[in-house]
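Trainee: got a predicted model here, sequence first, then my questions.
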Amino acid sequence: MTTKYTTTEWNKKKIILGETEIDEEKPVNLLIGFHGASSTPENMLVQGNRLKIQNTLMVFPEGQINAGDGIWSWWEDGPRQKETVKGFITYTSQIIDSAHRYFLNLNPQRNLRTCLWGFSQGGAASLTYTLLGTHALFKVASICGFLPELPNQAIEKRKTLNILGIFGSNDEVVPSFLADHALEEMKNHGHQVESKETAQSHEVKPENLQSLCDFFNS
């Protein structure tokens with residue numbers, strides 16, 4: 001399965017697109033991959049390129065917060081976290097809108113099912129948007145993710161989603177209790193969560209990617 005990658009800009013931010021051959025007779029997933037803190041979409045592309053996912057269009061966006069030296073994050077740590085998380089929600093909604101416009105312009109007959117995944121702060125981004133975002137989602141996955149300090153707003157009851165959470169008992173960056181707590185919160189909000197604790201550290205392992213393939217292909 002060959003994927004064609006292109007780089008473009010949406011709303012003055014870098015976006016990497018991955019397009020494979022699509023069977024129009026089957027549902028098409030739009031899979032958005034969030035990189036970690038102080039990183040780049042290229043770093044996420046390295047992992048995403050190893051995914052063998054059927055009938056999927058991929059989007060690797062650039063984080064909204066400039067961390068300096070050409071690297072980016074989705075929100076700031078510290079006293080401005082709630083405020084910048086709120087900005088992340090708006091920013092991600094714009095990304096999803098742009099992705100739908102882009103791919104539906106190529107083929108107006110497509111019915112795109114929006115899926116999210118990410119690593120570290122990117123995994124946190126996937127879970128956070130699931131709770132607070134405005135767009136309907138189909139499936140969500142997090143590797144070594146957590147939940148940041150959320151804005152002071154009510155979390156609305158949403159359609160139950162299937163969520164895959166993978167985290168490591170030897171993770172020195174996101175301790176397992178934080179990752180586990182985040183997934184429990186998703187359960188508390190009515191979602192179906194498959195939680196996988198492994199012996200890994202703060203990393204993306206080949207078996208993690210296989211789990212993602214199984215999850216998004218099912």
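Mentor: Received it, and whenever you're ready, just let me know what you need. Residues are numbered from 1 along each chain as shown.
Trainee: CA atoms for contacts and neighbours, from now on please.
Mentor: Noted.
Trainee: give me the three-state assignment for the spatially closest residue to R110 that is not a sequence neighbour.
Mentor: Closest residue to R110 apart from its sequence neighbours, by Cα to Cα, 6 or more residues apart in numbering: L104 at 6.3 Å. Three-state call for L104 (DSSP: H, G, I helix; E, B strand; the rest coil): helix.
Trainee: can you map out the helices along this protein?
Mentor: Shown for the chain, the helices assigned by DSSP state H span residues 41-48, 81-106, 121-132, 176-188, 206-217.
Trainee: ok so, going back, from what I see, the residue nearest to R110 and D97 are in contact.
Mentor: No - when contacts are counted by Cα atoms under 8 Å, L104 is not listed as touching D97 (10.5 Å).
Trainee: phi and psi next, for K205.
Mentor: Dihedral pair for K205: phi -100, psi 160, per degrees, to the nearest 10.
Trainee: against C144, how distant is it?
Mentor: Using Cα to Cα, to the nearest Å, K205 is found at 11 Å from C144.
Trainee: neighbour count winner among those two?
Mentor: Per other Cα atoms under 10 Å, whichever of K205 and C144 has more neighbours is C144, with 30 against 12.
Trainee: skip the chain neighbours and tell me the closest residue to Y91.
Mentor: Q64 (7.3 Å).
Trainee: ok, that neighbour - contacts?
Mentor: K13, W72, S73, W74, W75, F88, Y91 (Cα atoms under 8 Å, 6 or more residues apart in numbering).
Trainee: run a quick neighbour tally on the fourth one.
Mentor: A count of nearby residues for W74, using other Cα under 10 Å, gives 29.
Trainee: and for it, nearest residue in space, chain neighbours not counted?
Mentor: G63 is the one closest to W74 (Cα to Cα, 6+ apart), at 4.8 Å.
Trainee: please report how far the one you found lies from L147.
Mentor: 17 Å.
Trainee: of those two, give the one with the bigger neighbour count.
Mentor: Using other Cα under 10 Å as the criterion, G63 and L147 rank with G63 on top: 27 against 19.
Trainee: looks like the more buried one contacts S73 (just checking).
Mentor: Yes - counting by Cα under 8 Å, S73 is a contact partner of G63 at 4.8 Å.
Trainee: so K86 touches Q153, yeah?
Mentor: No - between K86 and Q153 there is no contact under Cα under 8 Å: 9.7 Å.
Trainee: that'll do, ta.
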